[in-house]
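>>> Predicted coordinates and the sequence they were generated for:
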Amino acid sequence: MSEVLFSNEYARITKTVLNETVELLSIEHEHCSAQVSLYAGQVLSYKPSNTQELFWLSKDSLFEPGKAIRGGIPLCWPWFGENNKQTAQQKAGNHGFARQVTWQVSAISADETAVYLSLSFQGENQHSLWPHKCHLQQDFILGKDFKQSLIMTNLANEPVEYTGALHSYFYVSHPEHVVIERLDGVAFDDKLTGLKQSQASLPNCQGPIDRIYHSGNTMVLQDKVWQREIEIHSNTSQWVLWNPGTETASAMTDIHAGGEHEFVCLEAANTNWQQIEAGQTAVMQQHIKVHSLKR
Ligand SMILES: O=P(O)(O)OC[C@H]1O[C@@H](O)[C@H](O)[C@@H](O)[C@@H]1O
């Protein structure tokens, strides 16, 4: 079942019901096409015209209540990874609840440059470790480039703390053929060994790899076989680089066979607790540009 949500001379946006939990928006514009799930408020696809897909989506991804969708850009919020405030009595799943709730469309428009889409979510008592009242908005500008802002408003009467990430799964020819030279020499915490503030050169992005790099500098992910560069600007303090490698991926039911050879996650993240004062707003954002290196 499909319904046209928006249409003008520049763009057309339709909503399709996938199942009882998941509704998908399909976006068509002269400069790009994209797909966004209202469940999880998650971009699943973005394809600038005349180039290939930017994001990877698992063929075995689950689209079920309480499960995260594997691929695109899941939101890790209000905590990234394991919540270090959890206790034996109060357990917290990985990456918070924002990727498992339903978002609403709050605005859509389009002009010759782009589609402007805003999604929102308001909640309270979503998790015993994070019972606060909050409002989230995601603003997307989908044109020749991809822009995403996560706007977090604290509606509680006291300060709240969050960590988070825009967990982008970039579609690549193979992690072995991907280099991110700008991560060379940047101090990182290695989540696989537990070592903090390590330094090492990064010959490619072959998994297993799971690192928190302490840098907010612009990154360029270079795919030597597909001859494309993905340039990512963010306003966050860390970059998380993740690929599970074959052993871990084979044990994950929502990654299709060999899927780990098709993506590299480079996540714009704030992995240290950030405070938002009562009534105040904070923003995590990324701006992604795709360049072809083909002559
Ligand atoms: O399986 P999840 O919860 O989506 O997490 C995937 C990965 O996400 C990354 O951000 C983490 O650094 C990894 O440690 C984690 O394994």
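Arrived safely.
>>> mind checking how far residue 184 is from residue 203?
9 Å (C-beta to C-beta, to the nearest Å). In this view, the C-beta of every residue, glycine as well, is placed from N, C-alpha and C.
>>> swap that for residue 63, please
Between residue 63 and residue 203 the distance is 36 Å, computed by C-beta to C-beta.
>>> One more: residue 135?
43 Å.
>>> For these two, indicate the residue with more neighbours.
Ranked by neighbour count (other C-beta atoms under 10 Å), residue 135 and residue 203 place residue 135 first, with 14 against 9.
>>> Mind listing the residues bridging to the more buried one?
On the basis of DSSP bridges, residue 135 is bridged to residue 122, residue 153.
>>> Quick check: residues of this structure near the ligand?
For the chain, the residues in contact with the ligand (C-beta under 6 Å from any ligand atom) are 68, 81, 94, 95, 167, 191, 210, 240, 242, 267.
>>> one more time with 5 Å, if that's ok
For the chain, the residues found near the ligand under the criterion C-beta under 5 Å from any ligand atom are 94, 95, 210, 240, 242.
>>> Check what pLDDT the fourth one gets.
What it means is residue 240. Residue 240 is assigned a predicted lDDT (pLDDT) of 98.
>>> now swap in the third one and tell me
At residue 210, the predicted lDDT confidence score is 98.
>>> for it, phi and psi?
phi -150, psi 90 (degrees, to the nearest 10).
>>> ok, now the fourth one?
When read as degrees, to the nearest 10, the backbone of residue 240 gives phi -100, psi 130.
>>> Where does the residue nearest to it when sequence neighbours are not counted fall, secondary structure wise?
What sits nearest to residue 240 in space, not counting adjacent residues and going by C-beta to C-beta, 6 or more residues apart in numbering, is residue 267, at 4.0 Å. According to DSSP states H and E, residue 267 maps onto strand 263-276.
>>> Smallest gap between the stretch 151-295 of the chain and the ligand, at which residue?
In the stretch 151-295 of the chain, the residue found nearest to the ligand is residue 242; the distance is 4.1 Å by C-beta to the nearest ligand atom.
>>> That residue contacts residue 267, doesn't it?
Yes: using C-beta atoms under 8 Å, residue 242 is in contact with residue 267, at 7.1 Å.
>>> who has more neighbours, the two?
Higher neighbour count among residue 242 and residue 267: residue 267, with 25 against 20, using other C-beta under 10 Å.
>>> Can you name the residues that contact the more buried one?
If you count contacts by C-beta atoms under 8 Å, 6 or more residues apart in numbering, residue 267 has them with 76, 165, 166, 167, 168, 239, 240, 241, 242.
>>> Let me have those in JSON lines, extended by distance to residue 250 and secondary structure.
Shown next, in JSON lines, are the contacts of residue 267 (distance: C-beta to C-beta, whole Å; DSSP: H, G, I helix; E, B strand; the rest coil):
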{"residue": "76", "distance to residue 250": "23", "secondary structure": "strand"}
{"residue": "165", "distance to residue 250": "24", "secondary structure": "strand"}
{"residue": "166", "distance to residue 250": "27", "secondary structure": "strand"}
{"residue": "167", "distance to residue 250": "21", "secondary structure": "coil"}
{"residue": "168", "distance to residue 250": "23", "secondary structure": "coil"}
{"residue": "239", "distance to residue 250": "26", "secondary structure": "strand"}
{"residue": "240", "distance to residue 250": "22", "secondary structure": "strand"}
{"residue": "241", "distance to residue 250": "21", "secondary structure": "strand"}
{"residue": "242", "distance to residue 250": "16", "secondary structure": "strand"}
